[in-house]
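Enquirer: here's my sequence, what's the structure:
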Amino acid sequence: MSPSTTIVPGPKKRAIIVGAGISGLTAGFRLQRRGFNVTVLERSDAVGGKMSSLYRDGYVINRAANILPSSYSTIDSLITELGLSDTVTSVTGLLGIPRDGDIKRIRSSGLQMTVDGLRTDLLSWNSRLKARNLVIDAIKMRKYLSYENLGMAERFDTETAADYCERRLTPELREYVVDPILRALYTAEAERLSVVDFFFAAVNFVGSGFMRYPSGIGFVCEALAQQLDVRTQAEVRLVEEKPDHVEVSWTEGGEEKTATADACIIATSADLVPKLFPQLDTRQQEIITDHFTYGTTLAGHFALKSRPDEDSMVMPVPISLDRNLCVITLDHNASPAAAPAGRGMISSYWLHEWSVDHIDDSDEDLAAEMLRSIDKVLPGVSSQVEFAHIDRWNPAIIRSYSGMYKYVAEFARRIDRESRVQLSGDYLSASSTNGCATSSELAAERVIAALASAQR
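Expert: Predicted structure coming up:
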């Protein structure tokens, strides 16, 4: 996507952004670059949301998002515009998939992945031959699997990923390819998720390589926030659209505040939108309430006294090894600055159902339970822990199902492009950091067009 450089003519316009995650910060940055006076309101005490990092005793904790695939073109453009390109390199990371007491390692990009896929004994020859169905179907769907509007793929959203596996693949392909990809990215299982999610991941993530970034993944949001007027601990209560302006009410420092602006972008999770903006189209409210559902994800992060003898960056965990542990990332392999020299940092992400059942457990109990499972993949890790950090994400990311993308498409068709209030976030297309950033650039474009139209 190539954002327009058009500046809104006339007096300087004011925009208020609700939310300082990657969605809100991208929207604010884009509007500020077009000449807007921008204020970003964030209810928590820090920016970044699920794309944020914590720093402790020389370790870096990526709280939710962890990996930046090289295919993240919108994020890559932001990195370039922020002057951070010289801190980011493209690498061919290793995927490590446990099977039969061994780790099957596959390089993550392009031809190298194809070569490793043919050579590895992760899959039988029958499964490798059957995998041609994946290639054929991915080619058919590819042009519809867009970060800008995944609703374009609604015509293919006729079955779950599990149904697709039963129809087109082998049980082995499901266990060691489809399930690990879905669990790693969505912390949910194939019986629940739409086949569209699998192919979106296969086309846009798998085989793309990774960006190796400095320190924590929060570097993008932190750099964006430095460019903007961001007010934390400012919880927005109401956004009202008037004929010639927008009125935003919020609580900050125990005080009720109200301000007017020419436009507003609401960059929050979908579930907050109807209450924040009651003027939203009635059908869109129904879609959010009845058809968009978020999952819950527990993330366990462990600082280690020494680094495991494992070069993989990402280790998707098959259900046969552990049902509840979805994926382990070796953060020190993705970013050497994630831990002091010779030490390690790993993160683990847990299945929605298990997370729901355990979200109220103490940090100590969760860490102990998590490490028992992690030891199955990386034996001995539990004896090397310096400290643990637990993140509870509720809501986490959208949980798709067969038929959901017709609602995503309908929601997109019903967007009022003349409105001074626009929406961005993880429910407008692909539930990913790049999808969030892309939806925000589109929302900024709609704001500029709406105000230009109002001036005529």
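Enquirer: can we go C-alpha only for contacts and neighbour counts from here?
Expert: Fine.
Enquirer: which residues are contacting stretch 382-401?
Expert: 63-64, 160, 186, 188, 192-194, 197, 269, 292-306, 359, 363, 366-367, 371-372, 374-375, 426-427, 431 (Cα atoms under 8 Å, 6 or more residues apart in numbering).
Enquirer: could you redo the last one with a cut-off of 7 Å?
Expert: Outside stretch 382-401, the residues that touch it by Cα atoms under 7 Å, 6 or more residues apart in numbering are 63, 160, 192-194, 292-306, 359, 363, 367, 371, 375, 427, 431.
Enquirer: buried ones among the residues you listed?
Expert: Those of those that meet the buried threshold are 63, 160, 192-194, 292-306, 359, 367, 371, 427, 431, by 16 or more other Cα atoms under 10 Å.
Enquirer: out of these, which sit inside strands?
Expert: Secondary structure from DSSP state E places 297-304 of the buried ones among the contacts of stretch 382-401 in strands.
Enquirer: nearest to residue 178, of the residues you listed?
Expert: residue 297 (19.5 Å; Cα to Cα).
Enquirer: run through the bridge partners of the closest one.
Expert: Assessed by DSSP bridges, residue 297 has beta-bridge partners residue 393.
Enquirer: what about it, distance to residue 371?
Expert: For residue 297, the distance to residue 371 equals 16 Å [Cα to Cα, to the nearest Å].
Enquirer: just to revisit the earlier point, and the ones in strands among the buried ones among the contacts of stretch 382-401 as TSV, adding pLDDT and distance to residue 90?
Expert: Converted to TSV, these look like this (pLDDT from 0 to 100; distance: Cα to Cα, whole Å):
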residue	pLDDT	distance to residue 90
297	98	28
298	98	29
299	98	26
300	98	27
301	98	24
302	98	25
303	98	25
304	98	26
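Enquirer: from those, pick the one nearest residue 338.
Expert: residue 303 (9.4 Å).
Enquirer: would you map the strands across the stretch 1-150 of the chain?
Expert: Secondary structure of the stretch 1-150 of the chain (DSSP state E, counting those that start in this stretch): strands at 14-18, 37-41, 53-56, 59-62, 89-91, 94-99, 102-107.
Enquirer: report all helices and strands that the third one contacts.
Expert: With contacts defined as 3 or more Cα pairs under 7 Å, 6 or more residues apart in numbering; DSSP states H and E, strand 53-56 has these neighbours: strand 59-62.
Enquirer: what's near enough to touch residue 168?
Expert: Going by Cα under 7 Å, 6+ apart, residue 168 touches residue 133.
Enquirer: now the lowest-mean-pLDDT helix or strand in the chain against strand 94-99, angle please.
Expert: Least confident helix or strand, the chain: helix 110-119 with a mean of 71, by mean pLDDT, DSSP states H and E. Relative orientation of helix 110-119 versus strand 94-99 (axes from the mean of the first three to the mean of the last three Cα atoms, to 10 degrees): 20 degrees.
Enquirer: now the helix or strand hosting residue 273: buried residues?
Expert: Per DSSP states H and E: residue 273 is located in helix 273-276. For helix 273-276, a neighbour-count test (16+ other Cα under 10 Å) marks 273-274, 276 as buried.
Enquirer: let me have those residues in CSV, adding distance to residue 225 and pLDDT as columns.
Expert: Shown next, in CSV, are the buried residues of helix 273-276 (distance: Cα to Cα, whole Å; pLDDT from 0 to 100):
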residue, distance to residue 225, pLDDT
273, 23, 98
274, 26, 97
276, 23, 98
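Enquirer: convert the longest helix belonging to the chain to PDB, retaining C-alpha atoms only.
Expert: Identified as the longest helix of the chain according to DSSP state H is helix 433-455. Presented in PDB, the C-alpha positions along helix 433-455 are these (Å, rounded to 0.1, in the frame of the first residue of the first chain):
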ATOM      1  CA  THR A 433       0.000  -6.400  13.600                       C
ATOM      2  CA  ASN A 434       0.400  -5.700   9.800                       C
ATOM      3  CA  GLY A 435      -3.300  -6.100   9.300                       C
ATOM      4  CA  CYS A 436      -3.900  -3.500  12.100                       C
ATOM      5  CA  ALA A 437      -1.400  -1.100  10.600                       C
ATOM      6  CA  THR A 438      -2.900  -1.500   7.100                       C
ATOM      7  CA  SER A 439      -6.500  -0.900   8.400                       C
ATOM      8  CA  SER A 440      -5.300   2.300  10.000                       C
ATOM      9  CA  GLU A 441      -3.800   3.600   6.800                       C
ATOM     10  CA  LEU A 442      -7.100   3.000   5.100                       C
ATOM     11  CA  ALA A 443      -9.000   4.700   7.900                       C
ATOM     12  CA  ALA A 444      -6.700   7.700   7.600                       C
ATOM     13  CA  GLU A 445      -7.300   7.900   3.800                       C
ATOM     14  CA  ARG A 446     -11.100   7.800   4.500                       C
ATOM     15  CA  VAL A 447     -10.800  10.700   7.000                       C
ATOM     16  CA  ILE A 448      -8.900  12.800   4.500                       C
ATOM     17  CA  ALA A 449     -11.400  12.000   1.700                       C
ATOM     18  CA  ALA A 450     -14.400  12.700   4.000                       C
ATOM     19  CA  LEU A 451     -13.100  16.100   5.100                       C
ATOM     20  CA  ALA A 452     -12.100  17.100   1.600                       C
ATOM     21  CA  SER A 453     -15.700  16.200   0.500                       C
ATOM     22  CA  ALA A 454     -17.200  18.200   3.400                       C
ATOM     23  CA  GLN A 455     -15.200  21.300   2.200                       C
END
